[in-house]
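J.: Let's see this in three dimensions:
(one chain, ligands or ions: 1)
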Amino acid sequence: MMKKNESVTEDCSHDRTMTPATLSRSTVNNSSDICSLSQRRSGNTVKYAAKAVAGVFIDCFTPPEDDHDHPYYQRKRSDFQQLKSSSVSSGTSDSEKKHGSVRSDNSIIASDLRNGKFTMAQIYKATRNFSPSLRLGQGGFGTVYRGTLNDGTLVAVKRARKNDYGKHMGSEFRTEIQTLAQVDHLNLVKCYGYLEEKDERILIVEYVPNGTLREHLDCIRGEVLDMAARLNIAIDVAHAITYLHMYTDNPIIHRDIKSSNILLTDRCRAKVADFGFARLAADRDSDCTHVSTQVKGTAGYLDPEYLQTYQLTEKSDVYSFGVLLVELVTGRRPIENKRSSKERLTSRWAMTKFTEGNAKSTIDPRLEATTANAAAVEKILELALICLAPQRKNRPNMQRCAEILWSIRKDFRELSASDTCPISPSMLRSNSSSIGETTVATLVP
Ligand SMILES: Nc1ncnc2c1ncn2[C@@H]1O[C@H](COP(=O)(O)OP(=O)(O)OP(=O)(O)O)[C@@H](O)[C@H]1O
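T.: Numbering: from 1, shown residues only. Predicted coordinates:
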């Protein structure tokens, strides 16, 4: 029996190693983000402010530990039983047996995917031979295409890159499948099926039509997201991560929460994608509080305590979520290399401004200057501050984040309804808190 705090050291031999490709996408293993850690260390007054604030707030944010019965979260796993029980490694050579009842005309419908009754020929048909015109994007795993099934269902077909790192890509593929097979939530991208055939590895997931959150914040897609949409997105993501942490068979740590992994629907609701790095957390029922593992994630989003200790808990996702909240407020990327050194690390910059009582200077200039927006920004940054607490014990859990965001959205809606005047200067200077009983202004040196 493992003692509390004893780490579970897992076999990381299958983990993706650092490659020029992964580095160029800012996805790091270990050392490259140590640098940003030391940057964060130097002169980081925000950390100490965060620590102080988080310390005081800890009581307010101590979650009901065993509240797994929140009515919002429903478990619906039955659809995925087949997926789960299927063997990922089956059928590279025994294709005939595996795909015995594949449709002769190479057509394909959604239930075929779930039942594993499909072949590469059908995938070629659905993607028109992986037509470049259907290419949706490229990531660490490979290239993503839009596909159309015979019943009209649109799907995203993720085709693993074939290269020297095949072995590692294969492990990433399996990680993604095993994780996806467990989850079923409105705010998580659904997995429809997967296929391993010869050197092809194909994952077919729900098609989410409206690009990534990052594309929207960069204004290369759609209209500017207003504050109401940003709050909805934050809440959707909080629900998705809460589900992963609390309502799956085994808790799942996403490990790569970031704006480019948040896909948007036509109505700008969020679905969290890309479980390639996901790691099953320590079993809820065991005494173990963390898993020890090679550091993975994306620069700018990585939990400093995880970087130092290699110990992964759900609170690492909470930290990344804090970075995401700052992105939603500021519109900036977590690391902005072209800015002055004070502004390069967006979270540090925004938290410093917030604790100085100058949250207004961090607001995305594309957002309208209204009192409702200004008030929401104050409260979102306040939540970000505790999510970004250097020590995980001082961070709220995701369920608590969702609750706080509900309350921020409620206040925002009420204020918006009566919001006809632009922001008053005194409002922008105010740094008072509505989270918990305590006023942040009184805690900041
Ligand atoms: N389910 C989907 N529906 C629609 N488009 C998608 C879907 N999944 C991915 N995409 C598109 O394909 C691109 C690449 O996705 P992918 O998940 O492979 O990598 P990524 O998340 O961008 O990068 P990384 O591998 O570094 O996390 C995305 O940026 C998005 O534009």
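J.: which residues touch V155?
T.: By C-beta atoms under 8 Å, 6 or more residues apart in numbering, the residues touching V155 are L113, A126, R146, G147, T148, L149, Y192, I204, V205, E206, Y207. C-beta: built from backbone N, CA, C; applies to glycine.
J.: how much space between it and the ligand?
T.: The gap separating V155 from the ligand is 8 Å, by C-beta to the nearest ligand atom, to the nearest Å.
J.: Neighbouring strands - and their directions - for the helix or strand harbouring that residue?
T.: Following DSSP states H and E, one finds V155 within strand 154-160. Strand 154-160 sits in its sheet next to strand 142-148 (antiparallel), strand 200-206 (antiparallel), going by DSSP bridges.
J.: Mind checking the pLDDT average for it?
T.: In this model, strand 154-160 carries a mean pLDDT of 93.
J.: Just the buried residues of it, please?
T.: Across strand 154-160, burial judged by 16 or more other C-beta atoms under 10 Å covers V155, A156, V157, K158, R159, A160.
J.: if I look at the last one, how far off is L203?
T.: What that stands for is A160. When distance is defined by C-beta to C-beta, to the nearest Å, A160 is 8 Å away from L203.
J.: shared neighbours, these two?
T.: F141, F173.
J.: residue of the stretch 1-150 of the chain with the smallest distance to the ligand?
T.: Nearest residue of the stretch 1-150 of the chain to the ligand, counting by C-beta to the nearest ligand atom: G139, 1.8 Å away.
J.: And for the nearest residue to that residue once chain neighbours are set aside, the neighbour number?
T.: Distances taken as C-beta to C-beta, 6 or more residues apart in numbering put D274 closest to G139, at 7.0 Å, once the chain neighbours are dropped. For D274, the neighbour count with other C-beta atoms under 10 Å is 23.
J.: Just confirm D274 contacts S259, I think it does.
T.: No - the criterion here is C-beta atoms under 8 Å, and D274 misses it with S259 at 11.6 Å.
J.: Pull out the buried positions in stretch 198-206.
T.: Buried residues in stretch 198-206, defined by neighbour count with 16+ other C-beta under 10 Å: R201, I202, L203, I204, V205, E206.
J.: Reformat the residues you listed into CSV and put distance to the ligand and pLDDT next to each item.
T.: Shown next, in CSV, are the buried residues of stretch 198-206 (distance: C-beta to the nearest ligand atom, whole Å; pLDDT from 0 to 100):
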residue, distance to the ligand, pLDDT
R201, 13, 86
I202, 13, 89
L203, 9, 87
I204, 9, 91
V205, 5, 91
E206, 6, 94
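J.: what is the mean pLDDT for the helix or strand in which I233 is found?
T.: According to DSSP H and E, I233 maps onto helix 227-246. Across helix 227-246, pLDDT averages out at 97.
J.: can you tell if that helix touches the ligand?
T.: No - using C-beta under 6 Å from any ligand atom, helix 227-246 never reaches the ligand; the gap is at least 13.8 Å.
J.: Buried residues, that helix. List them.
T.: Applying 16+ other C-beta under 10 Å to helix 227-246 flags 227-246 as buried.
J.: if we can go back for a sec, didn't the residue of the stretch 1-150 of the chain closest to the ligand look like it was pressed against A273?
T.: No - applying C-beta under 8 Å as the test, G139 and A273 come out as separate, 9.4 Å apart.
J.: So between those two, which is more surrounded?
T.: A273 (25 against 17).
J.: ok, back up a step: using PyMOL, make a named selection holding only the buried ones among the contacts of V155.
T.: Per 16+ other C-beta under 10 Å, the buried members of the contacts of V155 correspond to this PyMOL selection:
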select buried, resi 113+126+146+147+148+149+192+204+205+206+207
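J.: residues of stretch 176-188 that come out buried?
T.: E176, I177, Q178, T179, L180, A181, Q182, V183, D184, H185, N187, L188.
J.: any chance of those residues in TSV, with pLDDT too?
T.: Listed next are the buried residues of stretch 176-188 as TSV, based on pLDDT from 0 to 100:
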residue	pLDDT
E176	70
I177	77
Q178	74
T179	74
L180	75
A181	76
Q182	75
V183	85
D184	89
H185	95
N187	97
L188	95
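J.: Quickly name whichever of those residues is closest to the ligand.
T.: Checking the buried residues of stretch 176-188 against the ligand by C-beta to the nearest ligand atom gives E176 as the nearest, at 9.1 Å.
J.: wait, what's in contact with that closest one?
T.: Contacts of E176 by C-beta under 8 Å, 6+ apart are F141, L203, D274, F275, G276, A278.
J.: Could you list everything the residue lying closest to the second one once chain neighbours are set aside pairs with in the sheet?
T.: Which is L203. Of all residues not flanking L203 in the chain, K158 sits nearest, at 4.2 Å (C-beta to C-beta, 6+ apart). Beta bridges link K158 to V144, L203, judged by DSSP bridges.
J.: and the gap between K158 and the ligand?
T.: In terms of C-beta to the nearest ligand atom, K158 sits 6 Å off from the ligand.
J.: contacting residues around that residue?
T.: Neighbour list for K158: F141, G142, T143, V144, I202, L203, I204, V205 [criterion: C-beta under 8 Å, 6+ apart].
J.: at 6 Å what do you get?
T.: Taking C-beta atoms under 6 Å, 6 or more residues apart in numbering, we find K158 in contact with F141, V144, L203.
J.: likewise E356?
T.: Contacts of E356 (C-beta under 6 Å, 6+ apart): none.
J.: please renumber so the chain begins at 656
T.: Sure, I'll start counting at 656 from here, so that last one is E1011.
J.: pLDDT at it, what is it?
T.: In this prediction E1011 is given a pLDDT of 97.
J.: List the neighbours of the helix holding I888 that are in contact with it.
T.: By C-beta under 6 Å, 6+ apart, helix 882-901 touches 723, 728, 840, 842-843, 906-907, 909, 923-925, 927, 969, 972, 983, 1028, 1031, 1053-1054, 1056-1057, 1060, 1064.
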